[in-house]
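Asker: Curious how this folds, go ahead:
(one chain, ligands or ions: 1)
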Amino acid sequence: MEKLVITGGNALRGTLPISASKNAALPLMAAAILGPGTCRLGRIPQLRDITTFSHVLRIAGAEVSREGDGLLIDASRINFPEAPYELVKKMRASFYMLGALLGRCGRARVSLPGGCAWGPRPVNLHIDGMKALGATIDLEEGYVVASAPNGRLHGGTIVLQPSSVGATVNLLLAASTARGGSRIENAAIEPDVVVFCEMLQAMGARLHGTGTRTIEIEGVPLLRPATFANCPDRIELGTFMIAAAIAGIPEKPVTLTGARADHLGQDFMGAFLRTGARFEIADDKILIIPPEVLTPVSIVTAIYPGFPTDLQAQWTVLLACCEGTATVTDQVYGDRFNHIPELARMGIEVRVNGNTVTVAGGTKLKGARVMSTDLRASVSLVLAAMVAEGTTHVGRIYHLDRGYERLEDKLSTCGIDIRREAYDEFAAPEVPA
Ligand code: EPU
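Answerer: Residues are numbered from 1 along each chain as shown. This next block holds a predicted model:
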């Protein structure tokens, strides 16, 4: 296994490039299945989740290869409409194959994702939605077995409650090639979904109202392959903004390049400014100017354009660097707090009550051996390590490798003392002499 070894106290300075979006890349890859022929996807990050999903596509019959900074996906032959448990359990977004395979083949056998590292993440809306579009659904040995009568869904109306990124993507994949029209109400408006809709449109899908809460879809018999470029990763951007605010030199800007500031949503940007940190946007460059003193700002996560749940663990670390007390409340996932006991090992004064974390800032963080539990939890440990006294070992970073491209290279270029090391998780500690 691998870990990151970080010695805290160095300032973050210089320029950090923002990689392409993971959460937009996955639906783009699923969309490629709908067009017989070869899709060219630009800006697909080199991440573990992308490797996993490439494999999911290959199982169905697609050929997937790297080309420059992106992928070539040849979906001429999709002859095995299945997504196996072994891959879906590694990455829940593999469940997008339900909609993609129904849309392309009129049938699908896709493993149910099961549990998630931080508690229940239901897929009821995906399944009820497919039924509303005309699919018959059975559950067999942990697999959702779906089929469209006479090979094509008839289309229908679905109201998502709550609004869901994954369900919106899955239903769009299925409805784009339905015989009739469909309507998704309370659809997700996250930038990742909007970019995905643009790709479907480039493939010939007829969509109306994308980027709004009501999307209407006129089904077409088949989509065609397209060439399409992905957008930058907004969660990496938010993570680096927080990194600059806590570990940058006061009043010395840290530059983030290749970013889309408008993809982060007003709540995050507003909360960030209220800490006293500032930013200046010039095209795809964002200058982050750390303040002398960070002011604690309480946040509540919400769907876009609300404060992203994917940035709440990182915000907890920012609060630890402020004088005073503030809270982090997660309304999207009420128990996404596995990072808290690990951060407590580094000295953060923190209390969890229901879906709210109270952080008493101002205590000096200290390096420790800590363990990643999921993607965003892992990066919060890296942020804490950057400002802690001494050395931190962040174990099980395969979680981090799912969603942060070359993190240690990027941070070490900007002055952070960070390196990757192999280790034996099960090695017994040495007996003292
Ligand atoms: N929900 C339901 N039923 C469903 C689906 C969702 O009740 O059938 C609920 C969820 O429990 C949650 C809310 O709806 O309370 C929103 O969940 P959503 O479906 O939007 O989440 P997702 O599509 O499973 C994506 C991201 C997550 C991110 C969430 C929320 C991808 C691949 N994943 O998940 O990203 O946390 O949206 O923004 O896009 C990550 O990148 O670390 C990550 C977990």
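
Asker: So which bits of the stretch 301-433 of the chain are right by the ligand?
Answerer: 309, 310, 332, 333, 375, 376, 403 (CB under 6 Å from any ligand atom). Every residue, glycine included, has its C-beta placed from N, CA and C.

Asker: Including distance to residue 227, could those residues go into a markdown table?
Answerer: As requested, these are exported to a markdown table (distance: CB to CB, whole Å):
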| residue | distance to residue 227 |
| --- | --- |
| 309 | 32 |
| 310 | 28 |
| 332 | 34 |
| 333 | 35 |
| 375 | 29 |
| 376 | 32 |
| 403 | 25 |
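
Asker: Quick check: of those residues, which lies closest to residue 258?
Answerer: residue 403 (16.6 Å; CB to CB).

Asker: for the ligand, what are the nearby residues on the stretch 151-300 of the chain?
Answerer: 162, 164, 165, 166, 167, 192.

Asker: May I see the PyMOL selection of the buried members of those?
Answerer: Buried residues among those (16 or more other CB atoms under 10 Å), as a PyMOL selection:
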select buried, resi 164+165+166+167+192
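
Asker: The protein: helices as residue ranges?
Answerer: Assigned by DSSP state H, the chain shows helices spanning 22-32, 48-60, 85-88, 97-105, 124-132, 165-175, 191-202, 234-247, 266-274, 312-320, 339-345, 375-387, 407-413.

Asker: tally of neighbours for the closest residue to residue 175 other than its chain neighbours?
Answerer: With sequence-adjacent residues excluded and distances taken as CB to CB, 6 or more residues apart in numbering, residue 175 is closest to residue 182, at 3.9 Å. If you count neighbours by other CB atoms under 10 Å, residue 182 ends up with 26.

Asker: Quick check: residue 182 touching residue 216?
Answerer: Yes - contact criterion CB atoms under 8 Å: residue 182 and residue 216 qualify, at 7.3 Å.

Asker: need the strands for the stretch 201-350 of the chain, in chain order.
Answerer: Under the criterion DSSP state E, counting those that start in this stretch, the stretch 201-350 of the chain contains strands at 206-208, 214-218, 227-229, 254-257, 278-282, 285-289, 299-300, 325-329, 349-353.

Asker: now the stretch 201-350 of the chain, which segments are flagged as low pLDDT?
Answerer: For the stretch 201-350 of the chain, no stretch has pLDDT under 70.

Asker: State the distance from the residue in the stretch 101-250 of the chain that the ligand sits nearest to to residue 95.
Answerer: Across the stretch 101-250 of the chain, the shortest distance to the ligand (CB to the nearest ligand atom) belongs to residue 166, at 2.8 Å. Distance of residue 166 to residue 95, given as CB to CB, to the nearest Å: 7 Å.

Asker: Let me see the contact set for the residue nearest to residue 175.
Answerer: Residues counted as contacts of residue 182 (CB atoms under 8 Å, 6 or more residues apart in numbering) are 133, 155, 156, 157, 158, 171, 175, 216, 217, 219.

Asker: Produce a ChimeraX select command limited to the buried residues of those residues.
Answerer: Per 16+ other CB under 10 Å, the buried members of these correspond to this ChimeraX selection:
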select :133,155,156,158,171,175,216,217,219
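
Asker: Please name the nearest non-neighbouring residue to residue 414.
Answerer: The nearest residue in space to residue 414 (CB to CB, 6+ apart) is residue 14, at 4.4 Å.

Asker: Next, count neighbours for the one you found.
Answerer: For residue 14, using other CB under 10 Å, the count is 14.

Asker: what separates it from residue 410, distance-wise?
Answerer: 10 Å.

Asker: Check residue 31 too.
Answerer: Relative to residue 410, and taking CB to CB, residue 31 is found at 29 Å.

Asker: Was I right to think residue 94 contacts residue 83?
Answerer: Yes - if you go by CB under 8 Å, residue 94 and residue 83 touch, sitting 5.1 Å apart.

Asker: list the residues that contact both of these two?
Answerer: In contact with both residue 94 and residue 83: 56, 110, 111, using CB under 8 Å, 6+ apart.

Asker: residues in contact with the first one?
Answerer: What it means is residue 56. Residue 56 neighbours (CB under 8 Å, 6+ apart): 83, 87, 88, 91, 94, 97.

Asker: of all the residues you listed, which two lie farthest apart?
Answerer: 91 and 97 (11.0 Å).

Asker: More neighbours: these two, which one.
Answerer: residue 97 (30 against 20).

Asker: contacting residues around the more buried one?
Answerer: If you count contacts by CB under 8 Å, 6+ apart, residue 97 has them with 30, 33, 56, 60, 82, 83, 108, 110.

Asker: ok, 6 Å please
Answerer: By CB atoms under 6 Å, 6 or more residues apart in numbering, the residues touching residue 97 are 83, 110.

Asker: which residue sits closest to residue 177, ignoring its sequence neighbours?
Answerer: Using CB to CB, 6+ apart, the closest residue to residue 177 is residue 103 (4.6 Å).

Asker: mind listing what that neighbour touches?
Answerer: By CB under 6 Å, 6+ apart, residue 103 lies in contact with 34, 173, 174, 176, 177.

Asker: isn't the third one right up against residue 101?
Answerer: It refers to residue 174. No - with contact defined as CB atoms under 6 Å, residue 174 does not reach residue 101; the gap is 8.9 Å.

Asker: When the two are compared, which one has more neighbours?
Answerer: residue 174 (31 against 26).

Asker: circling back: pairing partners for the residue nearest to residue 175 in the sheet, please.
Answerer: residue 217 (DSSP bridges).

Asker: thinking again about what came up before, rebuild the contacts of residue 103 as a markdown table, extending it with distance to residue 48 and pLDDT.
Answerer: As requested, the contacts of residue 103 are arranged in a markdown table below (distance: CB to CB, whole Å; pLDDT from 0 to 100):
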| residue | distance to residue 48 | pLDDT |
| --- | --- | --- |
| 34 | 25 | 98 |
| 173 | 23 | 98 |
| 174 | 27 | 98 |
| 176 | 28 | 98 |
| 177 | 30 | 98 |
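
Asker: hmm, which two among those residues are most spread apart?
Answerer: 34 and 174 (9.7 Å).

Asker: how about the residues of the stretch 1-150 of the chain that lie near the ligand?
Answerer: So far as CB under 6 Å from any ligand atom goes, the stretch 1-150 of the chain lies against the ligand at 23, 26, 93, 121, 122, 123, 124, 125, 126.

Asker: Let's see that with 5 Å instead.
Answerer: 23, 93, 122, 123, 124, 125 (CB under 5 Å from any ligand atom).

Asker: could you dump those to JSON lines with neighbour count and distance to residue 145?
Answerer: Shown next, in JSON lines, are those (neighbours: other CB atoms under 10 Å; distance: CB to CB, whole Å):
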{"residue": "23", "neighbour count": "23", "distance to residue 145": "27"}
{"residue": "93", "neighbour count": "23", "distance to residue 145": "20"}
{"residue": "122", "neighbour count": "11", "distance to residue 145": "19"}
{"residue": "123", "neighbour count": "20", "distance to residue 145": "14"}
{"residue": "124", "neighbour count": "9", "distance to residue 145": "17"}
{"residue": "125", "neighbour count": "21", "distance to residue 145": "18"}
